[in-house]
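Trainee: Please find the sequence and the predicted model below.
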Amino acid sequence: MLARDDQDSLKRTPLYALHVSLGGKMVPFAGYEMPVQYPTGVLKEHLHTRAAAGLFDVSHMGQIALRPKSGKVEDAARALERLVPQDIVAIPNGRQRYAQFTNADGGILDDLMVANFGDYLFLVVNAACKAEDEAHLRAHLSDDCIIDSLTDRALIALQGPKAESALAKLCAETPSLKFMDAGPRKVDGLDCYVSRSGYTGEDGFEISVPAADAERLAKALLADSDVLPIGLGARDSLRLEAGLCLYGHDIDTATTPVEAALEWSVQKSRRTGGARAGGFPGADKILAHFDQGAARRRVGLRAEGRAPVREGAVLFADATSSEPIGKVTSGGFGPTLNAPVAMGYVPTALSALGTQVYAEVRGQRLPLAVAAMPFVKNTYKR
Amino acid sequence: MTTKLYTSDHEWLAIDGDIATVGITDYAQSQLGDVVFIELPKVGRALKKSEAAAVVESVKAASDVYAPVTGEVLEVNDAVVAEPALVNSDADGKAWFFKIKIADKGELGSLMDEAAYKAHTA
């Protein structure tokens, strides 16, 4: 069970009262009181999201507008490229891209979404990192940008195969959006920012809404019988099945984007030989990992048995050796697969699909096979 | 005539002579959530009171089940291993975990009756 923090110091999102009224079991998470589950329970919440649609309160995450002082969004994009290894300049108006803030050692300070809203960039960052991220942006980009923390907005994720039809009732242009489209849109008459994205592997949307209107919008979405409220428990098992990294667990300041198997998120323009190669913190190390390979790699792991292998389990190359080769960074039971799933770091030499490794669980060595991610096929509308 | 006793760690024991059938309580399963994996002790294993005897894993976390008394494992419930969700649907009945031969009935004195257990979880 989760440890109880000092309840008095915990913040609440604009949907707190709604969670309580829906029977949400509130737990401390990243400084907020958040629903870990509702009376439906984690397993059914997970399966419902994959079968119909789930509504998640992700208002604890940070929303930041990066406004170019010159008035030209490409100036904000160029400035942000000093902090991330992604091609931000190339993000078209109305599109969003996954990125990471890196440090001088090539490690990851946080992962985030960056959208081009035409005259400014819109960033969504992790709750636990948002204060540091904002300070980082202020320290490095203040000459070029106004860093505007949008603390008066809530963020609602609507995920699953019925998310489109549920949102379309409140926003007629919903079906025309493609995966990673993002921008300001009216939803039920409210001034929202809508992206077709999420963190479950399902088609779906993230909707930024003024805090004062958040409960009204959440209730309007929940009025659709396909939509159930979903807690953090199922959010974690959904993202794990989707093979997506959880910051602070699967990626952190000691993992580079290459070690983390996030090469796909670093565009060629920022790599060696690219038009704007390097120029981000830790570029030497990260580009060396691209060019020469890294010694270890994040991989998916599937167990042969039924026992879940959880975060922290130590990995070994065989059933008897005493020398650990790595660690499980996320793991548990995948309700859609009806089987245990995990991810962790192994030496690159042992990262090929099908390689057998062992995890130590309660003194026993359990065989695992390196497996392709996502574990559950994603259903993005590209 | 069976007597039902409880531990503060939320195991129940149904006592019939010198044999105790052991499971986890309905309260325990409600706290754990959806149970997805169970590991039971081997038949014949000699358990000491308070020793970790079985493992229950829900989607959220792994929890140990402790031997409520000292004794030898006589039988385990393969049905609950095959269908862990039985713990959620029938914790007090079909989802028993194992049967143990009680070595020292004196150890039962420290366990709770139903009224005491109800007060413990209130």
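Mentor: Done, it's in. A quick note: this is a predicted structure, and the numbers were derived from the prediction, not measured.

Trainee: Show me the shaky parts of chain B.
Mentor: Judged against pLDDT under 70, the low-scoring parts of chain B cover residues B:1.

Trainee: Any idea which residue of chain B lies closest to chain A?
Mentor: Of the residues in chain B, the one nearest chain A is B:D34, at a distance of 3.7 Å by CB to the nearest CB. For the C-beta atoms, the positions are set from N, CA and C on the backbone; glycine is no exception.

Trainee: mind listing what that residue touches?
Mentor: Under the criterion of CB atoms under 8 Å, 6 or more residues apart in numbering or on different chains, the neighbours of B:D34 are A:G41, A:V42, A:L43, A:K44, A:P335, B:S58, B:V59, B:A85, B:N88.

Trainee: what about burial for those, which qualify?
Mentor: Of the members of those, the ones counted as buried by neighbours, 16 or more other CB atoms under 10 Å in any protein chain shown, are A:G41, A:V42, A:L43, A:K44, A:P335, B:S58, B:V59, B:N88.

Trainee: what about the closest residue in space to the second one that isn't next to it in sequence, which SS state?
Mentor: Spelled out, that is A:V42. Of all residues not flanking A:V42 in the chain, A:G233 sits nearest, at 3.8 Å (CB to CB, 6 or more residues apart in numbering or on different chains). Here A:G233 is recorded as helix under DSSP: H, G, I helix; E, B strand; the rest coil.

Trainee: was I right about A:G233 contacting A:V36?
Mentor: Yes - counting by CB atoms under 8 Å, a contact exists between A:G233 and A:V36, whose distance comes to 4.9 Å.

Trainee: I'd assumed A:S237 was in a helix, is it?
Mentor: Yes - residue state for A:S237 (three-state DSSP) corresponds to a helix.

Trainee: Roughly how far does it sit from chain B?
Mentor: Plainly put, A:S237 is 6 Å away from chain B if you go by CB to the nearest CB, to the nearest Å.

Trainee: residues contacting that residue?
Mentor: Applying CB under 8 Å, 6+ apart, the residues contacting A:S237 are A:V42, A:H46, A:G332, A:F333, A:G334, A:P335, B:V59.

Trainee: now do A:I207
Mentor: With CB under 8 Å, 6+ apart as the criterion, the residues that contact A:I207 are A:L155, A:I156, A:A157, A:L158, A:L167, A:V187, A:C192, A:Y193, A:V194, A:L217.

Trainee: Which of these fall within helices?
Mentor: With helices defined by DSSP state H, the entries of the contacts of A:I207 inside them are A:L167, A:L217.

Trainee: Farthest pair within the contacts of A:I207?
Mentor: Using CB to CB, those reach their maximum pairwise distance at A:L155 and A:L167, which is 14.3 Å.

Trainee: Show me which of the two is the more surrounded one.
Mentor: Just comparing A:L155 and A:L167: by other CB atoms under 10 Å in any protein chain shown the higher neighbour count belongs to A:L167, 28 against 23.

Trainee: Spell out which residues of chain B are next to chain A.
Mentor: B:31, B:33-34, B:36-37, B:39, B:55, B:57-62 (CB under 8 Å from any CB of the partner chain).

Trainee: and with 7 Å instead?
Mentor: B:G33, B:D34, B:V36, B:F37, B:E39, B:V55, B:E57, B:V59, B:K60, B:A61, B:A62 (CB under 7 Å from any CB of the partner chain).

Trainee: could the contacts of A:I207 be laid out in TSV, adding distance to A:G300?
Mentor: Conversion of the contacts of A:I207 to TSV gives the following (distance: CB to CB, whole Å):
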residue	distance to A:G300
A:L155	28
A:I156	29
A:A157	23
A:L158	27
A:L167	31
A:V187	35
A:C192	35
A:Y193	32
A:V194	31
A:L217	35
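
Trainee: which of the contacts of A:I207 lies closest to chain B?
Mentor: Using CB to the nearest CB, A:A157 is the member of these that lies nearest chain B, at 19.5 Å.

Trainee: burial measure for that closest one, as a count.
Mentor: Around A:A157 there are 25 other residues, counting by other CB under 10 Å.

Trainee: ditto for B:A61
Mentor: Burial of B:A61, expressed as a neighbour count using other CB under 10 Å, amounts to 14.

Trainee: Brilliant, that's me finished.
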